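Visitor: Pasted the sequence and its predicted model underneath.
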Amino acid sequence: MRSIQSIAAVQAVMEPSPPAVAAEAADLLSSLPGHLLDGILGRLDIRDAVRTSALSRAWRHRWESLPELALSFPDGTPPAAVDRVLLRYTGPGVPRFSFAVDPASASHVGHWLVALSRRRVESISIYKRRERPPRPWPTLHSYIFSCVHLVSLNLEFFIIPSFPVGFAGFPVLEELYLGNVEFTYNGERQLQDIIRGSPLLRVLYLADVDNPAYCVIEAPNLHSLTLISDYDEEWRFGELPCLQHASIFVPELEDHGNDFGKFLARFAQVQKLAFHSPANEVKIGTTPFTFYNLKSLELSTHFFDMHILLMFSLLRSSPNLEKLKIEVRDWEVEDTEWEFLSAQWTDGMCANLQVVQIISCEQWLPIYFMKLILSKASCLRMLSVDECPTSEDDPLNELLICKKASPQAQILFEVQLEEIRFDRMKMKCADSSKKRA
């Protein structure tokens, strides 16, 4: 995608010639009401909006005074082009601003935030272009805290400055995405205060946030939480009464004894849970709560004894689970594989389970687990596997001949899934051909 040309260059090329100006008298565009012209321009991206200056006299420079102008710049846009657009645009509102920064443009971000804070910006997304930048990351301008009309904020690879005097939060913020950001001054309090100062917050995404030690996440309207962090000890959880979706990626969990149960208990009310089981062993025992609302569970896990126990503990605690997705990261072969797995099953487990997906199945232990699911889950409709180990024994036959508790259960391997997608595509093409005929 070509980068935006400078405003001066674009208009120099597109200025209408004298004959074209004379022809504009009959131009239907000139007779359109102003609010219709504004509505059309408001639906264009910024590059096309600038180019409309060449269409007719009614369009010339009109983009510069629109009531609202969304600014979503494609990758590779020179920062000088953004400077010129913000300088030329005199309208009152920029509902959306999106830009992929690189080292050459990072120094411009502060000036942009100053301009955006004066135009009631509702959505800001400033993210890293391509590869991870080296440290030190640039410090964000404190004018970000003057954008009090923000509904959505996405920041990547920045140092968050200290609050200006009088900052009380983002009163209408609904979505907050922070990836690879650093809080240098009283970091846990800053992030905590941003969350608490955003009473309408519904979506919170935190990935590799530096220096958040002992930050308390508490939000009365939060529906979706994604947490990616090196250690769980950096986080505390307050009241999250509306939480529906949680995705937790914490590769190292401290051995808190019963505290790990408390860690999971904060997500007991969710309908969808994605959980990356830790690399270290965590003793959980019997889960001291029940996921009554949980319909979908995604696990990225090892298949070692302790991780299997954790997985079964979650399954036993999820009586209404319908969808289960497991990514197998590693395995451990034991002499008592089937016996060990069978011993974990209890009556009533997976009573409502309908769909199971296994990813990266490269050893027999997950095969035994799938056979166990097939033999016990009475409502199962589909079991899909992306790949299976190659050996003298055919894993497909192992699954096909095993006892099934559900007569409608189908077993699909990756090749079959691709065939189904291809068949559906052919059916759509055939339907389209019939319609054209």
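Guide: Great, that's in hand.
Visitor: Ala405: what's it in contact with?
Guide: 374-378, 380 (CB atoms under 8 Å, 6 or more residues apart in numbering). In this view, the C-beta of every residue, glycine as well, is placed from N, C-alpha and C.
Visitor: Ser247 now?
Guide: Contacts of Ser247 by CB under 8 Å, 6+ apart are 225-227, 273-275, 298.
Visitor: Go through those and name the one nearest Arg119.
Guide: Set against Arg119, the nearest of the contacts of Ser247 by CB to CB is Thr226 (29.5 Å).
Visitor: Show the contacting residues for the closest one.
Guide: Here Thr226 is in contact with 204-207, 246-247, 249 (criterion: CB under 8 Å, 6+ apart).
Visitor: Separate out the buried members of the residues you listed.
Guide: Buried members of the contacts of Thr226, scored by 16 or more other CB atoms under 10 Å, are 204-206, 246-247, 249.
Visitor: Helix, strand, or coil at Trp59?
Guide: Secondary structure state of Trp59, per DSSP: H, G, I helix; E, B strand; the rest coil, is coil.
Visitor: Pop out the phi and psi values for Val151.
Guide: phi -110, psi -30 (degrees, to the nearest 10).
Visitor: Ok, Leu372 next?
Guide: phi -70, psi -40.
Visitor: Tell me how far the closest residue in space to it that isn't next to it in sequence lies from Asn352.
Guide: Among residues not flanking Leu372 along the chain, Leu341 sits closest, at 5.4 Å (CB to CB, 6 or more residues apart in numbering). Plainly put, Leu341 is 20 Å away from Asn352 if you go by CB to CB, to the nearest Å.
Visitor: Could you confirm Leu383 falls within a helix?
Guide: No - assessed with three-state DSSP, Leu383 is strand; it does not lie in a helix.
Visitor: sorry, back to before: for PyMOL, write the select line for the buried members of the contacts of Ala405.
Guide: Here is the PyMOL command that selects the buried residues among these (16+ other CB under 10 Å):
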select buried, resi 374+375+376+377+380
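Visitor: Can you pull up the most central residue in the chain?
Guide: For the chain, Tyr205 is the residue whose C-alpha lies nearest the centre (CA atoms, centre = their mean; 7.3 Å).
Visitor: name the helices or strands packed onto the helix or strand hosting that one?
Guide: Using DSSP states H and E, Tyr205 sits within strand 203-207. If you count contacts as 3 or more CB pairs under 8 Å, 6 or more residues apart in numbering; DSSP states H and E, strand 203-207 packs onto strand 175-179, strand 224-228.
Visitor: what's the distance between whatever helix or strand comes next after it and the middle of its chain?
Guide: Later in the chain than strand 203-207, the nearest helix or strand by DSSP H and E is strand 215-217. Averaging C-alpha positions (CA atoms, centre = their mean, to the nearest Å) puts strand 215-217 20 Å from its chain's average.
Visitor: One more: stretch 72-88?
Guide: 26 Å.
Visitor: Start and end of it, how far apart?
Guide: By CA to CA, to the nearest Å, the extent of stretch 72-88 from end to end equals 16 Å.
Visitor: and what of stretch 378-398?
Guide: 19 Å.
Visitor: same question, stretch 91-101
Guide: From its first residue to its last, stretch 91-101 covers 25 Å (CA to CA).
Visitor: Other residues contacting that stretch?
Guide: 64-73, 75, 77, 82, 105, 109, 112, 116, 119-129, 157.
Visitor: mind listing what His141 touches?
Guide: Applying CB under 8 Å, 6+ apart to His141 gives the contacts 109-110, 113-114, 161.
Visitor: tell me the two of those that are most distant?
Guide: Spatially, the most separated pair among these is Val114 and Pro161, at 13.6 Å (CB to CB).
Visitor: neighbour-wise, which of those two wins?
Guide: Pro161 (17 against 13; other CB atoms under 10 Å).
Visitor: in the stretch 301-437 of the chain, which spans are helices?
Guide: Secondary structure of the stretch 301-437 of the chain by DSSP state H, counting those that start in this stretch: the helices cover 305-316, 337-344, 364-376, 395-400, 414-436.
Visitor: Now tell me which of these the model trusts least on average.
Guide: Ranked by mean pLDDT, the helices of the stretch 301-437 of the chain end with helix 414-436 at the bottom, a mean of 47.
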